[in-house]
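K.L.:
Okay, sequence plus prediction incoming.
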Amino acid sequence: MYKVIEVKQSIFEDNNKDADLLRQECKEKGVFLLNIMSSPGSGKTTTLSRTIETIKDEVNIGVMEADIDSDVDAHTISQYGVRTIQLHTGGMCHLDADMTRQGLHELGMENLDLAVLENVGNLVCPAEFDTGSSLNIAILSVPEGDDKPLKYPLMFEVCDVVLINKVDVLPYFDFDIEKCKENIHYRNKNAKVFEICAKSGEGVKPWCDYLLTRIREWKE
């Protein structure tokens, strides 16, 4: 079971300051906040499902599914036995730090190691607002094209990790994976890049090992 929460846009003008306060609150409570961003159809929910399957015995996980409307993704994720809520943004195409805080408090931060925010699906608005996350990741799927980091620069500039998803269909698309990595690192030289197929699980373990390492470091 899961609750559906209506979150409201923050009244704070200085979202970055509010995000820093939320990061500190998460740090004090030992909660690592992962912010997942991507365009619709890139495989966010499938990637999250595979990630949960891989690490749920290692860490206690809670998930916030953000959408303008519907509870489809929360229903999917709740079946994996993790604490789940659905956030409705009231038409907003992003979450800011205060909206994320509202979600975290409804989710409950007690006995939680990893809180996951599956952000609203697009490559523009979510990148503009610091949610207070410990780690930002972007998912870029092969059918979207290898030039997306050039077309949507901010998304790839703010992300610590990029997961190139749906590598199983590489033979069927005009997608140069090395060129894509070059484009990602042109925007963000420090970004970690993992090649995965969330549907089959290919490449998911190295990504999960990296995530677990980051969570452990956060808690030290």
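P.N.:
Perfect, thanks for sending it. Numbering: from 1, shown residues only.
K.L.:
Can you name the residues bridging to the residue sitting nearest the centre point of the chain?
P.N.:
When Cα atoms, centre = their mean is applied to the chain, the residue found nearest the centroid is Ile36 (1.0 Å). Bridge pairing for Ile36 (DSSP bridges) gives the partners Glu118, Ile137.
K.L.:
mind checking how far it is from Thr45?
P.N.:
According to Cβ to Cβ, to the nearest Å, Ile36 and Thr45 sit 9 Å apart. Where C-beta positions appear, they are placed from N, C-alpha and C, glycine not excepted.
K.L.:
Spell out which residues are contacts of both of these two.
P.N.:
Glu118 (Cβ atoms under 8 Å, 6 or more residues apart in numbering).
K.L.:
which residues touch Gly201?
P.N.:
Counting by Cβ under 8 Å, 6+ apart, Gly201 has contacts Arg50.
K.L.:
Could you measure from it over to Asp168?
P.N.:
11 Å.
K.L.:
swap in Cys93?
P.N.:
For Cys93 relative to Asp168 (Cβ to Cβ), the value is 30 Å.
K.L.:
my guess is the residue nearest to the centre of the chain contacts Leu48, does it?
P.N.:
Yes. Contact status for Ile36 versus Leu48: in contact at 6.5 Å, counting by Cβ atoms under 8 Å.
K.L.:
who touches both of these two?
P.N.:
116, 118.
K.L.:
Low-confidence stretches in this protein?
P.N.:
1-2, 5-13, 68-70 (pLDDT under 70).
K.L.:
Tell me which stretches of it form helices.
P.N.:
All helices of the chain, identified by DSSP state H, fall at 15-29, 44-55, 72-78, 97-107, 148-151, 153-158, 177-187, 204-219.
K.L.:
Tabulate the ones you listed (CSV), appending mean neighbour count.
P.N.:
Below are the helices of the chain laid out as CSV (neighbours: other Cβ atoms under 10 Å):
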stretch, mean neighbour count
helix 15-29, 16
helix 44-55, 21
helix 72-78, 18
helix 97-107, 21
helix 148-151, 19
helix 153-158, 19
helix 177-187, 16
helix 204-219, 16
